[in-house]
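[1] dropping the sequence and predicted coords here.
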Amino acid sequence: MAKPRLALYWAASCGGCEIAVLDVQEKILDIANAFDIVFWPVAMDFKYDDVRRMDDKSIDICLFNGAIRNSENNEIAELLRKKSKVLVAFGSCSMEGGIPGLANLTTKDDILKFVYKDSPSTVSTNGGTYPQTHTKMPEGEIEIPEMWDTVKSLDQVVDVEYYIPGCPPQPEQIWNVVSYILSGQPLPPSGAILGAGEKSCCDECTRTKSEKKLKQFYRPFEIQAKPDECLLEQGIVCMGPATRDGCGALCPKAGMPCRGCYGPPPNVSDQGAKMISALSSVIDAHEADEIDRILNQIADPIGTFYRFSLAHSLLRRVDKHETH
Amino acid sequence: MVTIKIDNHEVQVPEDTPILKAAEKAGVWIPTLCYSDLVEPYGVCRLCIVEVVRGKRSRVVTSCNYPVREGISVLTNSPKIQWLRKSIMELMLSRWPNVKVVKDLAKQLGVEKPSFISLERDEAEDACVLCGKCVQVCKDLVKAEALGFAHRGIKREVVLPFGVNSERCVVCGACVKECPTGHVKMVIEDYRGKKPEFTLGPKTAIYVPSLQAVPRVPVIDTESCIHFETGGCETCAKVCEPNAINYDMKDEVQEIEVGQILVATGYDVFDATHMAQYGYGRLDNVYSSLEFEMLLNSTGPTGGKVQMKNGKEPRSVGIIHCIGSRDANHHPYCSRVCCMYALKFAHLVHDRTKAAIYQFYIDMRAFGKGYEEFYSRLLDEGITMIRGKAAEVAEGYWTDNNERTLLIRCEDTLIGKFREIPVDMLVLCNAIEARHDSDQVRKLFSISKSPDGFFLERHPKLDPTSTTTDGVYIAGCAQGPKDIPDTVAQAGSAAARILSLISKGEVEIDPVRAMVQEEFCSGCRICNNLCPYGAIEYLEEKKISHVNEALCKGCGTCVAACPSSAMTGYGFTDAQILAELDGILI
Amino acid sequence: MAFEPKIVGFLCNWCSYTGADLAGVSRIKSAPNMRIIRTMCSGRVDPAFILKAFQLGADGVVVMGCHLGDCHYQEGNYKTIRRIPFLKKLIEQFGIDPRRLRLEWVSASEGDRFAEVVNEFTQEMRTLGPLKLPVHELMGKNGERAKHAVHE
Ligand code: SF4
Ligand code: SF4
Ligand code: SF4
Ligand code: SF4
Ligand code: SF4
Ligand code: FES
Ligand code: FES
């Protein structure tokens, strides 16, 4: 029997997901043996045209990491969708926009303006030079992809079969998924989230939990957290309760609050809204002024509660136009 | 039992009975002055002397404290006794010639004039005769020991310790009552900050709360009762033949399990001192409606007589409606009962006095069956109705006799004139307001109240007796001001509702409940202290939370709070509400 | 046609919903713009519902509950007084005028107040104009939907 054909692609992402794949260590050889790797630009030399020439649905599994940030990401997403039987949104960026999705806090114009004109390290003569999608050169016209105003998740542009959350997905979880597929067992229903649990991060977190009453929030550097107690109870905003488990609660185990990279737990439609609801429920204040004082300690709600999920949240992006 | 002979009478009495008592039984009179039933005989006035004869021997003794013995005979009026008594009486009369008891006793004993003149002669009518009753009663009965004797012989006198008002005195007045000459007097001050609830007259420490009380038995006001202050007195126990007085009874907390509750906690009366312009608590003869009701009551302090503090009948009486009601500064609502009781007051005052009666009203609300007719009747009785709220009450004088009166200043809106009306007595129709503790009661039963503070019915028209808490009903003024017929109707309806459930035997409860989906709960414990009913428990072994469905009332607070949506419920689920949203926002 | 805002009202069962009912029973007129969702307590209102309402095109959202201290469940609305201000800060950051989200206490006996709140809020939304969010366009265009979680 022919080996299943595997493709991996890297869209708008930091590359951590690719490293995570390699972090399965010696098992990468098993993967290489078990699969016929037909496309993996970061590791081997493939051209987009190679993919274009493949038959539709000829890729058995495509692990797609990275968000959709520009026209190229979008084009390849559509291409790989066409060529793959199973398209997997791999990692937070692809699943819900991830860190690149925080660009939805602002606009393309503002970003370009800052980077190419206003940033202190930019010397701009003639009002700044902006990247152009089309540039005429002596050799001919050069076309580069167009950056989008709004960062999207993979499933916002094409249909996706499965998701593997994490920033990056944990190597053990990657291996779990791969070995499951290799075992030949029936694949889960479309839309499933693989390589993660059903509960929230707190389930895997070994810190002791008790009833919560918060009077004060701290940023991690402002306080020496007690080693065994739930961080949230100590006033550090830990997204653990509103984050799917699966990572093994890496961050809280290392003394840092969970940032929410595994995305919302099942049944939760909006990670940030849920966390806000939970947090305000356990704030120990009854007077408007006191409540306000405590809430003001959280400087950047979107950055705190939607660090990875903004592009995939209910509102998806910030609106820069509504007047105040 | 011993049998003795007193003069010519034989009596049988228990051993140790004082001769005085035995004589009483035999119907023989012996004069006494310092003797009192309430205390141990002191034997100081010596007026009660008798001759005790046993065989050949005879002795003179004080009969009030000499116990009978078998075989004695007593002579109360032998020549020897007559002579001695006369001498004692003469000594007394010469020392206290103007004291009434002394004069009366002397007359009874045939002493006209003392045959000598005392150097200690005290001409006062209320001179102290040194009988010691006050000291004894204070010591033996009241057990306060606030009074005592000082000095000896002719200098002997009754004093307060160090001559100053004693902290030990409990102001019971027993000494005043016992003093045969009126030497001890009670000066009523605001004693130790205690003020009677209604300043209409004194009340005993043991009393029947009201004539309508059920059961109609007396209660002891332990704050005023001497026994609870000093351990003494116990007079009521001494006089109570069925032995019903029990000082050891304690308040008890009883837990009674019930399935349904009718909350009929009543109302408070608006405190008219908040409206200083009407002088309540500051000017004499200004009464609150309830005080006036007491005054009119035939069992009240004046036996139902309408009289002023000085005991005179008022020439005119004013009744001001809406004190604290229909007033933006106090209660915006109408108290509903005042117009009608104000008319009743007017009618009774009209009946019992010749006083002119003025009613100051904003609107006359005679809304019930027969009420308007009563109002017309009152108009025929000649009561003056002034439409307009009285502005203030000041002090004034009648020009004919310079006696003090009250002046009501008001605008009569019917004639468009400012008026000043003198009244001797003023009755304020205080608003009915929610009880001061209605908030605690409300929380206890988890029911709501309307902004006016009264408990809130489930529906103002369709369900005026039940509340939003199943099994809790409300009736009477706890729900809002109302008169007796309305209260009875509402209470009857509530009782019927309660009975119908009892006869049905089971109740339906709302199925809305929260529930933890165990497979999704991470045990983060965010929800743990959110439930006001303590329905959420943390299962230590399973490391997840759990909802006790019997305690949960289904508010959904925990459902909204659960960050992993492990908490869900029967009814009002996320999916249902989101679907609703989808539906209404198409 | 003049702009008529779509308003979503989350009303707690015991006070505000009853208050709305009273407004109706008492024939008090109020703007027809509010579409009501009943919850048992204002404490049940998940911030996600509110964001969802904005996502689906609501121009304003009012949460109504019992006056503080009057919650049928004793303390439910104390959770609400922390959630709504928190959410206001969030939507402000999202670029939504925080005036578009309101928390009001309406007791069961305040039919008039209910009508007043509705009228006043509707008027305010009329002045603010329609809420246009990028998400409306993003979702509308390709008919695209997010696939996982409860979005289905
Ligand atoms: S530290 Fe974070 S992940 Fe761990 S129990 Fe607390 S909230 Fe949950
Ligand atoms: S603890 Fe949270 S932020 Fe850290 S890896 Fe796990 S899911 Fe991601
Ligand atoms: S004050 Fe009165 S009671 Fe006391 S000793 Fe004098 S007379 Fe007797
Ligand atoms: S808040 Fe949710 S996940 Fe956390 S303990 Fe409660 S039910 Fe479990
Ligand atoms: S729904 Fe309300 S009553 Fe029920 S468990 Fe949750 S917080 Fe308690
Ligand atoms: S009565 Fe006996 S001594 Fe006075
Ligand atoms: S029941 Fe109305 S706010 Fe809780």
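    Arrived safely, thanks for sending. What you see is a predicted model, and the numbers here were worked out from it, not measured in a lab. Numbers count the residues shown, from 1 in each chain, chains lettered A, B, ... in the order given. Ligands and ions are numbered 1, 2, ... in the order given.
[2] list the residues that contact the closest residue to ligand 7 within the stretch 1-150 of chain A.
    Of all residues in the stretch 1-150 of chain A, the one sitting closest to ligand 7 is residue A:96 (33.2 Å; CB to the nearest ligand atom). Quick note: C-beta positions are derived from backbone N, CA and C, even for glycine. By CB atoms under 8 Å, 6 or more residues apart in numbering or on different chains, the residues touching residue A:96 are A:153, A:165, A:263, A:308-309, A:311-313.
[3] try it again with 7 Å
    Residue A:96 sits next to A:153, A:263, A:308-309, A:311-312 when contact means CB atoms under 7 Å, 6 or more residues apart in numbering or on different chains.
[4] from residue A:205, how far off is it?
    21 Å (CB to CB, to the nearest Å).
[5] now do the SS call for the closest residue to residue B:125 other than its chain neighbours.
    Closest residue to residue B:125 apart from its sequence neighbours, by CB to CB, 6 or more residues apart in numbering or on different chains: residue B:98 at 4.8 Å. What DSSP: H, G, I helix; E, B strand; the rest coil gives for residue B:98 is coil.
[6] separation between residue B:98 and ligand 7?
    80 Å (CB to the nearest ligand atom, to the nearest Å).
[7] what's the local residue count around that residue?
    Residues lying near residue B:98 (other CB atoms under 10 Å in any protein chain shown) number 15.
[8] same question, residue A:124
    The burial count for residue A:124: 11, using other CB under 10 Å.
[9] again, but for the one 3 residues further on
    Burial of residue A:127 is recorded as 8 neighbouring residues (other CB under 10 Å).
[10] return the residues of the stretch 251-400 of chain B in contact with ligand 5.
    Residues of the stretch 251-400 of chain B lying near ligand 5 by CB under 6 Å from any ligand atom: none.
[11] hang on, the residue nearest to residue B:125 packs against residue B:123?
    Yes: using CB atoms under 7 Å, residue B:98 is in contact with residue B:123, at 5.6 Å.
[12] what ranges does the stretch 451-586 of chain B have for its strands?
    B:472-474, B:513-516, B:536-539, B:544-547, B:567-570 (DSSP state E, counting those that start in this stretch).
[13] looking at those, which one is packed in the most?
    strand B:472-474 (a mean of 25; mean count of other CB atoms under 10 Å in any protein chain shown).
[14] average pLDDT across it?
    Strand B:472-474 shows an average pLDDT of 95 in the prediction.
[15] now stretch B:578-586
    Mean predicted confidence for stretch B:578-586 is 91.
[16] of all the residues in it, which ones are buried?
    B:578, B:580-581, B:584-585 (16 or more other CB atoms under 10 Å in any protein chain shown).
[17] please see if that stretch touches chain C.
    Yes: residues of stretch B:578-586 contacting chain C under CB under 7 Å from any CB of the partner chain: B:578, B:580-582, B:584-585.
[18] name the nearest of those residues relative to ligand 1.
    residue B:578 (26.1 Å).
[19] list the contacts of the residue lying closest to that closest one once chain neighbours are set aside.
    Once flanking residues are discounted, residue B:578 sits nearest to residue C:52: 6.0 Å by CB to CB, 6+ apart. Going by CB under 7 Å, 6+ apart, residue C:52 touches A:314, B:578, B:581.
[20] residues of stretch B:65-77 that come out buried?
    So for stretch B:65-77, counting by 16+ other CB under 10 Å, buried means B:66-68, B:72-76.
[21] correction: stretch B:410-428
    B:410-412, B:421-428.
[22] just the ones of these in strands?
    B:410-412, B:421-423, B:425-428 (DSSP state E).
[23] quick check, pLDDT for residue 139.
    Since no chain was named, I'll use chain A. According to the model, residue A:139 carries a pLDDT of 90.
[24] let me rephrase: I mean chain C.
    84.
[25] touching, residue A:80 and residue A:11? I think so.
    No: checked against CB under 7 Å, the pair residue A:80 and residue A:11 is beyond contact range at 9.7 Å.
[26] common neighbours of these two, please.
    Joint contacts of residue A:80 and residue A:11 (CB under 7 Å, 6+ apart) are residue A:64.
[27] quick one, what contacts residue 139?
    With no chain named, the answer covers chain A. For residue A:139, the contact set (CB under 7 Å, 6+ apart) is empty.
[28] any idea how far residue A:105 is from ligand 3?
    95 Å.
[29] next, the closest residue in space to residue C:47 that isn't next to it in sequence: phi, psi?
    Once flanking residues are discounted, residue C:47 sits nearest to residue A:273: 4.1 Å by CB to CB, 6+ apart. When quoted as degrees, to the nearest 10, the phi and psi of residue A:273 stand at phi -60, psi -40.
[30] what residues does the stretch 351-500 of chain B have near ligand 7?
    Counting by CB under 6 Å from any ligand atom, the stretch 351-500 of chain B has no residue next to ligand 7.
[31] ok, chain C next?
    C:12, C:14-15, C:41-43, C:65-66, C:71-73, C:76-77.
[32] burial of residue 24, as a residue count?
    Defaulting to chain A. 19.
[33] wrong one, chain B
    17.
[34] check which helix or strand covers it.
    In this assignment (DSSP states H and E), residue B:24 forms part of helix B:19-26.
[35] name the helices or strands packed onto whichever helix or strand comes after that helix?
    The helix or strand immediately downstream of helix B:19-26 is strand B:49-54, counting by DSSP H and E. Using 3 or more CB pairs under 7 Å, 6 or more residues apart in numbering or on different chains; DSSP states H and E, the elements in contact with strand B:49-54 are strand B:57-62, strand B:73-75, helix B:79-95.
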